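Peer 1: based on what follows, work out the 3D shape:
(chains A and B)
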Amino acid sequence: QKEVEQNSGPLSVPEGAIASLNCTYSDRGSQSFFWYRQYSGKSPELIMFIYSNGDKEDGRFTAQLNKASQYVSLLIRDSQPSDSATYLCAVNNQAGTALIFGKGTTLSVSS
Amino acid sequence: DTEVTQTPKHLVMGMTNKKSLKCEQHMGHRAMYWYKQKAKKPPELMFVYSYEKLSINESVPSRFSPECPNSSLLNLHLHALQPEDSALYLCASSQDKWSGGARDEQFFGPGTRLTVL
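Peer 2: All right, here's what the predicted structure looks like:
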């Protein structure tokens, strides 16, 4: 059973701090990695994707991938109360036929 | 434009009703998906259509019947549902999952909140 593991949280950070969310995956053949943000009662919104080892930055968000360690992370700089949400890590299976989701990490940013 | 639309937003139905959920995308995507999401759980894959053909059915009960009339539309027909089927039903689409190396980011619609009485 291929798995994606995330710490469920809640992860609490003060406004302006860096929030660090982590994810590990078991399918060594996975090639595509995604972070979705989901507000309560809403649908998941794709905020970052990464395919190669290293860092990828987009505004306040940085995704980091280490395939050797089977580890993906999301850094949110200058966290805002509007960043408070559940963050879902998703990984493609080796066949590329389905996304495997982690259970999500709840982030709370206090003002 | 990365928009997937779903109708209706909310649906309440009895266990003997027949209803349909609709999903539409105009991004030229050739893969479309149905997911089910219960409260505080991640989305669970139900069906995948690739180039309008059903490619994955994750052992979903036959009371859920998907249909892909064309490359932009995806329906989910519901019949004789159970109260435990109450959930948020999400549609998603991606560009092309079968060409290896193509962008396969999935974009979700807003969902249909289904309540089965």
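
Peer 1: contacts, neighbours, all on C-alpha from now
Peer 2: Noted.

Peer 1: stretch A:33-50 vs chain B: in contact?
Peer 2: Yes - interface with chain B: stretch A:33-50 contributes A:34, A:42, A:43, A:44, A:45, A:46, A:49 (Cα under 8 Å from any Cα of the partner chain).

Peer 1: neighbouring strands for the worst-scoring helix or strand of chain B on mean pLDDT, and are they parallel or not?
Peer 2: Within chain B, no helix or strand scores below strand B:53-57, which has a mean of 88 by mean pLDDT, DSSP states H and E. Looking at strand B:53-57 with DSSP bridges, its partner strands are strand B:44-50 (antiparallel).

Peer 1: and the strand it pairs with, average pLDDT?
Peer 2: Taken as a whole, strand B:44-50 has a mean pLDDT of 93.

Peer 1: ok, stretch B:61-73 next?
Peer 2: The average pLDDT within stretch B:61-73 is 96.

Peer 1: ok, residue 96 - how many residues close by?
Peer 2: You didn't pick a chain, so chain A it is. 18 (other Cα atoms under 10 Å in any protein chain shown).

Peer 1: um, chain B though
Peer 2: If you count neighbours by other Cα under 10 Å, residue B:96 ends up with 20.

Peer 1: so it touches residue B:106, yeah?
Peer 2: No - using Cα atoms under 8 Å, residue B:96 makes no contact with residue B:106, being 9.9 Å away.

Peer 1: what's in contact with the helix or strand of chain A with the lowest mean pLDDT?
Peer 2: Across the helices and strands of chain A, mean confidence by mean pLDDT, DSSP H and E is lowest for strand A:99-101: a mean of 92. With Cα atoms under 8 Å, 6 or more residues apart in numbering or on different chains as the contact definition, strand A:99-101 has outside contacts at A:2, A:3, A:4, A:88, A:89, A:90, A:91, A:92, A:93, B:42, B:43.

Peer 1: ok, now stretch A:23-31?
Peer 2: Counting by Cα under 8 Å, 6+ apart, A:2-7, A:51, A:67, A:70-73, A:89, A:91-94, A:96, A:102 sit against stretch A:23-31.

Peer 1: of those, list those near chain B.
Peer 2: Contacts with chain B within those, as defined by Cα under 8 Å from any Cα: A:96, A:102.
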